[in-house]
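Got a sequence here, can you build the structure:
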Amino acid sequence: MLDIRFIRENPEAVKENIKKKFQEEKLPLVDQVIALDAENRKTIQEAQDLRTARNAKSKQVGMLMGQAKKDPSKLAEAEALKAEVKADADRLAYLEGRETELAEQLRHIMLQIPNIIDPSVPIGPDDSANVEVERFGEPVTPDFEIPYHTQIMESFDGIDMDSAGRVSGSGFYYLMGDIARLHEAVLAYARDFMIDKGFTFCVPPFMIHGNVVEGVMSQTEMDAMMYKIEGEDLYLIGTSEHSMIGKFIDQIIPEEKLPQTLTSYSPCFRKEKGSHGIEERGVYRIHQFEKQEMVVVCKPEDSMKWYEQMWRYSVELFRSLDIPVRQLECCSGDLADLKVKSCDIEAWSPRQQKYFEVCSCSNLGDAQARRLKMRVKGEKGTYLPHTLNNTVVAPPRMLIAFLENNLQADGSVKIPAPLRPYMGGKEVLTPKA
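Next comes the predicted model:
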């Protein structure tokens, strides 16, 4: 959410930013905000003037009533002034109600206006215009056929989607045996990897209130992602970023406590509306998965430095597991409304002969801080911090990349050295079928 003063003083810049995001249908919202803001400020000023006048008249009534004891003619004057005070009170009650209405209307519209994107963001309508920036590791295509990822898992008796379908429906799975252990090993390794980088490990709440949801994401994202608990003001989180940033709602953070660098584990729950294509069957796009996340709350001047560092952590982790990756800069039309800048880390799929998303790193500027009323207290007063988030790993999708890139011709899967302590020292997984 933008600062109302910025919209008021820079309406054309806000409109130009909307055009860059290919959301022309939102252009009228800027003029609506400006009109509502003008009415709101006028209402606030009139209310303030009435309060001042009412206080003065009330004092005058008191004086006249005192004088009326000696001069009865003052009584009529006092009663007339009382009537004015009553009329002012009625008008003030209306204005205060109108202030509330206008504030709610303003907030509702302002939540729909996208954040100002960074000048470095490539302009394009959708993810087809995203730009490859750099590759890390040489993509390898083995001279043997790589099965679909669920087939690889099935060779280890490691997955049961039929039973999950009977129990929960489509989009769920049972992981078993070595594959389940590998799933947990990846999460544990990612956790310790981030702790070694100086991040504080956290297990957050897995359900959050509606005002936190509104604070951390756009309405469009919320409708497409979030599961609501019936009859309660609680939503299942789609990623631990939601509750991690929500941790600071209505808080004033001492400047010396910045940056806040947190890495969190959580299950994630997503509706995943719509159809996403044949390569997203199996366990690629599902309703429930687990994730290790990284979150940073920092000074505004430090946020781009952290953005750069965070996506590079993802690259380092995936390369340590022998997975080639690339960084893909997200274009303007592919950015969610709160994001200033974002990139995806994509892993190489030797079976598909292409890269696919495994991490998403985002700088949201002060948008979440403004929505959640997070502030920082510094020597020169209070200000809004910047917030950033990035996936560390999100199995089982990450397992697809791991299994394909570490699969051997005989059907076994090699375990890279960093992961072996989490797999009981195993250097290779041998298929059962």
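
and residue 325, how far is that from residue 252?
39 Å (C-beta to C-beta, to the nearest Å). Glycine gets a C-beta too; all of them are placed from N, C-alpha and C.

Please say which of these two ends up with more neighbours.
residue 325 (25 against 11; other C-beta atoms under 10 Å).

helices or strands next to the longest helix seen in the chain in the packing?
Looking across the chain with DSSP state H, the single longest helix is helix 27-68. If contacts are counted by 3 or more C-beta pairs under 8 Å, 6 or more residues apart in numbering; DSSP states H and E, helix 27-68 sits against helix 4-9, helix 11-20, helix 73-110.

Identify the residue spatially nearest to residue 367, adjacent ones excluded.
residue 338 (4.3 Å; C-beta to C-beta, 6 or more residues apart in numbering).

Look at the one you found and tell me its secondary structure.
Here residue 338 takes the coil state, with states given by DSSP: H, G, I helix; E, B strand; the rest coil.

pretty sure it contacts residue 219?
No. Between residue 338 and residue 219 there is no contact under C-beta atoms under 8 Å: 10.9 Å.

between these two, which one's more packed in?
residue 338 (22 against 13).

Tell me the pLDDT of the more buried one.
Per-residue pLDDT puts residue 338 at 95.

How about the contacts made by it?
1, 114, 115, 216, 217, 218, 364, 367, 368 (C-beta atoms under 8 Å, 6 or more residues apart in numbering).

Among those residues, list the two that are farthest apart in space.
114 and 216 (15.3 Å; C-beta to C-beta).

who has more neighbours, these two?
Each of residue 114 and residue 216 has its neighbours counted (other C-beta under 10 Å); residue 216 has more, 28 against 23.

number of nearby residues for the residue nearest to residue 47 when sequence neighbours are not counted?
Distance criterion C-beta to C-beta, 6+ apart; nearest residue to residue 47, sequence neighbours excluded, is residue 95 at 4.2 Å. Neighbour count of residue 95, defined by other C-beta under 10 Å: 20.

and residue 95, what is it in contact with?
43, 46, 47, 50.

Let me know the closest of the residues you listed to residue 389.
Once C-beta to C-beta is applied, the member of the contacts of residue 95 that ends up nearest residue 389 is residue 43, at 37.9 Å.

can you map out the strands along the stretch 301-433 of the chain?
For the stretch 301-433 of the chain, the strands defined by DSSP state E, counting those that start in this stretch occupy 325-329, 341-349, 354-363, 375-378, 381-383, 386-393, 413-414, 428-429.

Can you list the neighbours in contact with the longest one?
Applying C-beta under 8 Å, 6+ apart, the contact partners of strand 354-363 are 118, 279, 284, 303-304, 306-307, 310-311, 314, 318, 325-326, 328, 336, 339-349, 386, 388-394, 397-398, 400-401.

how far is it from where the chain is centred?
Averaging C-alpha positions (C-alpha atoms, centre = their mean, to the nearest Å) puts strand 354-363 15 Å from its chain's average.

list the buried ones in that strand?
Across strand 354-363, burial judged by 16 or more other C-beta atoms under 10 Å covers 355, 356, 358, 359, 360, 361, 362, 363.

what's the closest of the strands of the stretch 301-433 of the chain to residue 19?
Per C-beta to C-beta, nearest to residue 19 of those: strand 341-349, 18.0 Å.

Now render the helices and strands packed on helix 27-68 as TSV, adding mean pLDDT and distance to residue 142.
TSV is the format used below for the helices and strands packed on helix 27-68 (pLDDT from 0 to 100; distance: least, C-beta to C-beta, whole Å):
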stretch	mean pLDDT	distance to residue 142
helix 4-9	95	53
helix 11-20	97	42
helix 73-110	84	52
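
Reformat the ones you listed as JSON lines; add distance to residue 189.
Output for the helices and strands packed on helix 27-68, formatted as JSON lines (distance: least, C-beta to C-beta, whole Å):
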{"stretch": "helix 4-9", "distance to residue 189": "43"}
{"stretch": "helix 11-20", "distance to residue 189": "39"}
{"stretch": "helix 73-110", "distance to residue 189": "42"}
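
Tell me which of those sits most buried.
Per residue and on average, the most neighbours among the helices and strands packed on helix 27-68 fall to helix 11-20, with a mean of 16 (mean count of other C-beta atoms under 10 Å).

What are the contacting residues of that one?
By C-beta under 8 Å, 6+ apart, helix 11-20 touches 2, 6-7, 24, 26-27, 30-31, 34, 113-114, 116-117, 123, 332.
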